[in-house]
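1. got a structure for you, letters missing:
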């Protein structure tokens, strides 16, 4: 099984068209089709079903797809690392981050320190839901990711270090809760409006749903959002109750001019209702730049932790 055969296979799988896949791969369509046929012959099975309108993967092709992506990504990473080692190419760090406004850790400062120490390293940063970043680590697309997931919630093969836990709090419109004294149970908090929840797939959503289940409340919501700072705005406008990490309310308080209305923040009585933040990596695939970046996260100190604000 040759690497170029897998590259051609991936091009067809992504484009669902042999002509476009050939154009993307800068080869003649006949040559690409021939190479894919050789791969199918070597594997002893068809990988694509060709119709007059499109090309679809067979069950065998679906099975091969994630393996092919990992192999091609690992080969590209190995080539880049070797070139970097030989001084022919700059190193590269592929980094995944949760939204910084939802993190109790200032993850920007370690990135700045890393860049100052290694200006020759190119840094690519993506902001995605935690589940997508974990998937990216498994497929070799990311070196390191800071996610809203605890180490015991990760799939096998990945390593993680818990770097922070942030308590979940209830954000409620001040007009209806100003005289209320916390901490509150989730049932008490949700008496003041419907739940404003995080979008599915986010690490925070997982932990909010777990807290609801512990309270015997069926997870449901009127609003689901991916931009966490908007949740505080909605709660401040009296549209519902947001259950969010405490760090998020700190960011909102620091940027209070953008928040319409006023709101109160209440601790929850559930001690397990927390938002864990972990740095995750695949020890079998992490690049040299990724390993070096871990050293800067290990060096987090009090200056990298957000100070609490009252609103």
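-> Nice, I can see it. All of these numbers come straight from a predicted model, not from anything done at the bench. Numbering: from 1, shown residues only.

2. low-scoring pLDDT stretches of the stretch 51-200 of the chain, where are they?
-> Within the stretch 51-200 of the chain, the segments meeting pLDDT under 70 span 83-90, 100-104.

3. now the helices for it?
-> Residue ranges of the helices in the stretch 51-200 of the chain, as given by DSSP state H, counting those that start in this stretch, are 59-85, 108-117, 130-138, 174-177, 186-189.

4. stretch 72-86: which residues count as buried?
-> Within stretch 72-86, the residues that count as buried by 16 or more other C-beta atoms under 10 Å are 72-73, 77, 80-81, 84. All C-beta atoms are positioned from the backbone trio N, CA, C, and that covers glycine.

5. would a markdown table of those residues with distance to residue 23 be doable?
-> A markdown table is the format used below for those (distance: C-beta to C-beta, whole Å):
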| residue | distance to residue 23 |
| --- | --- |
| 72 | 19 |
| 73 | 22 |
| 77 | 26 |
| 80 | 25 |
| 81 | 30 |
| 84 | 30 |
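
6. for this structure, which strand is longest?
-> strand 159-173 (DSSP state E).

7. elements contacting that strand?
-> helix 186-189, helix 203-214, helix 228-236, strand 241-245, helix 246-254, strand 263-267, strand 274-281, helix 288-298 (3 or more C-beta pairs under 8 Å, 6 or more residues apart in numbering; DSSP states H and E).

8. ok, which of these comes nearest residue 113?
-> helix 288-298 (5.4 Å; C-beta to C-beta).

9. name the residues of the closest one that are buried.
-> Of the residues in helix 288-298, 288-290, 292-294, 296-297 count as buried by neighbour count, 16+ other C-beta under 10 Å.

10. again with stretch 118-137
-> Within stretch 118-137, judged by 16+ other C-beta under 10 Å, the buried ones are 118, 121, 123, 128-137.

11. what's the most distant pair in these?
-> Farthest pair in these, by C-beta to C-beta: 118 and 131, 29.5 Å.

12. is it true that residue 150 touches residue 278?
-> Yes: taking C-beta atoms under 8 Å as the definition, residue 150 is a contact partner of residue 278 at 6.2 Å.

13. these two - which one has more neighbours?
-> Regarding residue 150 and residue 278, a neighbour count based on other C-beta atoms under 10 Å identifies residue 278 as having more, with 25 against 18.

14. who's in contact with that one?
-> The contact partners of residue 278, by C-beta atoms under 8 Å, 6 or more residues apart in numbering, come to 146-147, 149-151, 154, 160-163.

15. ok, residue 297 next?
-> 107, 110, 144, 146, 161, 163, 279.

16. turn the residues you listed into TSV, including distance to residue 4 and neighbour count.
-> What follows is the contacts of residue 297, written out as TSV (distance: C-beta to C-beta, whole Å; neighbours: other C-beta atoms under 10 Å):
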residue	distance to residue 4	neighbour count
107	38	21
110	38	21
144	29	23
146	35	23
161	38	12
163	41	19
279	35	23
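
17. could you export the residues you listed as JSON lines, including distance to residue 191?
-> Shown next, in JSON lines, are the contacts of residue 297 (distance: C-beta to C-beta, whole Å):
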{"residue": "107", "distance to residue 191": "36"}
{"residue": "110", "distance to residue 191": "41"}
{"residue": "144", "distance to residue 191": "42"}
{"residue": "146", "distance to residue 191": "35"}
{"residue": "161", "distance to residue 191": "39"}
{"residue": "163", "distance to residue 191": "35"}
{"residue": "279", "distance to residue 191": "38"}
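
18. return the closest of the residues you listed with respect to residue 91.
-> residue 144 (13.3 Å).

19. looks like that closest one contacts residue 95 (just checking).
-> Yes: here residue 144 reaches residue 95: they are 5.6 Å apart, a contact under C-beta under 8 Å.
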